[in-house]
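**Q** predicted structure and sequence below. I'll ask about it afterward.
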Amino acid sequence: VPQLLYGGKLDFLVFDYLSEITMSLLTAARARSPVLGYTPDFVSAAMAPYIKDIHRKGVRVISNAGGINPLACAAALQEVAKKADVDLKIAVVAGDDLMSEKENLKGTGITDLESGRQFPESIHSMSVYLGARPISRALDLGADIVVTGRCVDSGIVLGPLIHSFGWNRDEFDLLAAGSLAGHLIECGAQCTGGIFTDWHAVPDWHNIGFPIVECSSEGDFILSKPPDTGGLISFGTVAEQLVYELGDPRRYLLPDVTCDFSEVSITEIPGFDGGAVKVHGAKGSPPSTFYKVNATYLDGFRATAVCPVGGPKAVQKGKRTAESILQRTRLIFSQLGYEDYSAVNIQVLGSEDTYGPHARRSIDGQGPREAVIWLAVHHKQKEAVEIFSREIAPAGTGM
């Protein structure tokens, strides 16, 4: 926040917190307390220390940190503003919570997008991915801070652009361009070299620069970062982020527009500290009549064990250790009348397991002399997972 707030000359500061697994974690938090269910770091770490300067500079804030409880998030922000003696208008975008429609949706025969499994009984949350229009409307009404629940990640950037430039619902090329700007910066420093393939070319990770977008009313934009920060903005870093979680680049489905990014141009601009690129060429067409929905449900219990293994044939020893732990616990399960694990995953880090058939083995055939067992199990009963957890320690002395 200080990097962008004091070095970025911002109109808007946006925060993207939500992934699908985050929604599960926030659902569990709200189950413990009705005042939880949002991302507390947004309030305590991102906003509270800087709220006076945010107000003084006139920077407007948009965030999906509301998670599954945006009203509680807004209430916490209001308390922070009150303590800081600043007058901020806080808007909440609601309507993404579909739990009241659970039975209706269940009766329509909806199945899981990937597995085809039937609609679960133990649904804990259902959230629709809203678009950018509610955010732009809140800004039109004078909001200084807009807190949303689940929305598409790029919407927190497209919303301010619609508000600033007055883009209409049928100006699909412009909406696609704004969505592309949001898509490129939605994961923060990923586009400034954070997960770049050529990581060795990225300097000063400890102070990596977060991205800034300067967008024109015609939809072209420049992507840069604050001066005197680490990281790298180049054709490569931005192009890798462009295809991140994209699917079909000619038909990227969003609530406001269907995007075609197949002809996007990324041009490096010389003379920028840390690099900058100009991006243009996004095309758009009308959105579909559907919304994407993410649901979370209780599906048992999971535990993960991570154990280092050293010495000759470390990979083979690691696999045998993991298999022995599973054999031992399965014997206990059978004695207690428990079912078998619902799922098991054994991976030996250091053996190139993630490469599958493309793994490279050492010349002597022995493999590395050190490795790490990654053993994860899933079971319907908590007691079974607790047994697994207890049986990890003996592996250190008895295997």
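**A** It's in. Given the structure is predicted, the values throughout are model-derived calculations rather than measurements.
**Q** tell me what the nearest residue to N207 once chain neighbours are set aside is bridged to.
**A** Nearest residue to N207, sequence neighbours excluded (C-beta to C-beta, 6 or more residues apart in numbering): G230, at 4.4 Å. (Glycine included, C-beta is placed from N, CA and C.) With DSSP bridges as the criterion, G230 is bridged to I208.
**Q** list the contacts of G7.
**A** By C-beta atoms under 8 Å, 6 or more residues apart in numbering, G7 lies in contact with 226-229.
**Q** which of the residues you listed count as buried?
**A** Neighbour counting by 16 or more other C-beta atoms under 10 Å classes 226, 229 among the contacts of G7 as buried.
**Q** so which of the contacts of G7 comes closest to R369?
**A** T229 (39.7 Å; C-beta to C-beta).
**Q** my read is that the closest one contacts I208, right?
**A** Yes: taking C-beta atoms under 8 Å as the definition, T229 is a contact partner of I208 at 6.8 Å.
**Q** confirm that V344 sits in a helix.
**A** No: looking at V344 with DSSP: H, G, I helix; E, B strand; the rest coil, it is strand, so not inside a helix.
**Q** surely I51 and V86 touch.
**A** Yes: checked against C-beta under 8 Å, the pair I51 and V86 is within contact range at 6.0 Å.
**Q** of these two, who's got more company?
**A** I51 (21 against 15; other C-beta atoms under 10 Å).
**Q** and that one, how far from A72?
**A** 18 Å (C-beta to C-beta, to the nearest Å).
**Q** rewinding a little: okay, the contacts of G7 in a markdown table with secondary structure next?
**A** Putting the contacts of G7 into a markdown table (three-state DSSP) gives the following:
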| residue | secondary structure |
| --- | --- |
| P226 | coil |
| P227 | coil |
| D228 | coil |
| T229 | coil |
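**Q** closest to V385 out of the contacts of G7?
**A** Among the contacts of G7, T229 lies closest to V385 (C-beta to C-beta), at 43.3 Å.
**Q** for the closest one, give its distance to G58.
**A** 23 Å.
**Q** ok, now Q316?
**A** 63 Å.
**Q** so what's the residue count around D41?
**A** 12.
**Q** now I222
**A** There are 19 residues near I222, going by other C-beta under 10 Å.
**Q** quick one: it is in a helix?
**A** No: judged by three-state DSSP, I222 forms no part of a helix; its state is strand.
**Q** okay, and the beta partners of it?
**A** Beta bridges link I222 to E214, K278, judged by DSSP bridges.
**Q** okay, stretch 298-313 in CSV with CA atoms only?
**A** These are the backbone C-alpha positions of stretch 298-313, laid out as CSV (Å, rounded to 0.1, in the frame of the first residue of the first chain):
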residue,chain,number,x,y,z
LEU,A,298,-18.4,-29.9,3.7
ASP,A,299,-16.7,-32.9,2.2
GLY,A,300,-14.9,-34.6,5.1
PHE,A,301,-11.5,-33.9,6.6
ARG,A,302,-8.0,-33.7,5.2
ALA,A,303,-4.5,-33.8,6.7
THR,A,304,-1.1,-33.4,5.1
ALA,A,305,2.3,-34.7,6.4
VAL,A,306,5.6,-33.3,5.2
CYS,A,307,8.7,-35.3,6.2
PRO,A,308,12.4,-34.9,5.1
VAL,A,309,14.3,-38.1,4.2
GLY,A,310,18.1,-38.3,3.8
GLY,A,311,20.6,-40.9,2.7
PRO,A,312,21.1,-43.2,-0.2
LYS,A,313,18.0,-44.1,-2.2
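**Q** which residues belonging to it are considered buried?
**A** Within stretch 298-313, the residues that count as buried by 16+ other C-beta under 10 Å are 301, 303, 305, 307, 309, 313.
**Q** next helix or strand past the helix or strand harbouring A91?
**A** Applying DSSP states H and E as the criterion places A91 in strand 90-93. Counting by DSSP H and E, the next helix or strand C-terminal to strand 90-93 is helix 102-106.
**Q** what helices or strands is the very next helix or strand once past that next one leaning on?
**A** Next along the chain after helix 102-106, taking DSSP H and E as the criterion, comes strand 123-128. Using 3 or more C-beta pairs under 8 Å, 6 or more residues apart in numbering; DSSP states H and E, the elements in contact with strand 123-128 are helix 20-32, helix 102-106, strand 293-297.
**Q** most packed of the ones you listed?
**A** The highest average neighbour count among those, using mean count of other C-beta atoms under 10 Å, belongs to strand 293-297 at a mean of 18.
**Q** quick one: distance of that one to the chain centre.
**A** 15 Å (C-alpha atoms, centre = their mean, to the nearest Å).
**Q** tilt between it and strand 123-128?
**A** With axes from the mean of the first three to the mean of the last three C-alpha atoms, to 10 degrees applied, the angle from strand 293-297 to strand 123-128 works out at 170 degrees.
**Q** neighbouring strands - and their directions - for strand 293-297?
**A** strand 123-128 (antiparallel).
**Q** let me see the mean pLDDT of the partner strand.
**A** On average, the pLDDT along strand 123-128 is 91.
**Q** who touches that strand?
**A** 23-24, 27-28, 31, 68, 95-99, 101-102, 105, 149-150, 291-298.
**Q** any buried residues in the lengthiest helix in the chain, and which?
**A** In the chain, assigned by DSSP state H, the helix with the most residues is helix 314-336. Going by neighbour count (16+ other C-beta under 10 Å), the buried part of helix 314-336 is 314-315, 317-319, 321-322, 325-326, 328-330, 333.
**Q** got those residues as JSON lines, with pLDDT columns?
**A** Listed next are those as JSON lines, based on pLDDT from 0 to 100:
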{"residue": "A314", "pLDDT": "89"}
{"residue": "V315", "pLDDT": "89"}
{"residue": "K317", "pLDDT": "91"}
{"residue": "G318", "pLDDT": "91"}
{"residue": "K319", "pLDDT": "93"}
{"residue": "T321", "pLDDT": "92"}
{"residue": "A322", "pLDDT": "94"}
{"residue": "I325", "pLDDT": "94"}
{"residue": "L326", "pLDDT": "96"}
{"residue": "R328", "pLDDT": "94"}
{"residue": "T329", "pLDDT": "96"}
{"residue": "R330", "pLDDT": "97"}
{"residue": "F333", "pLDDT": "97"}
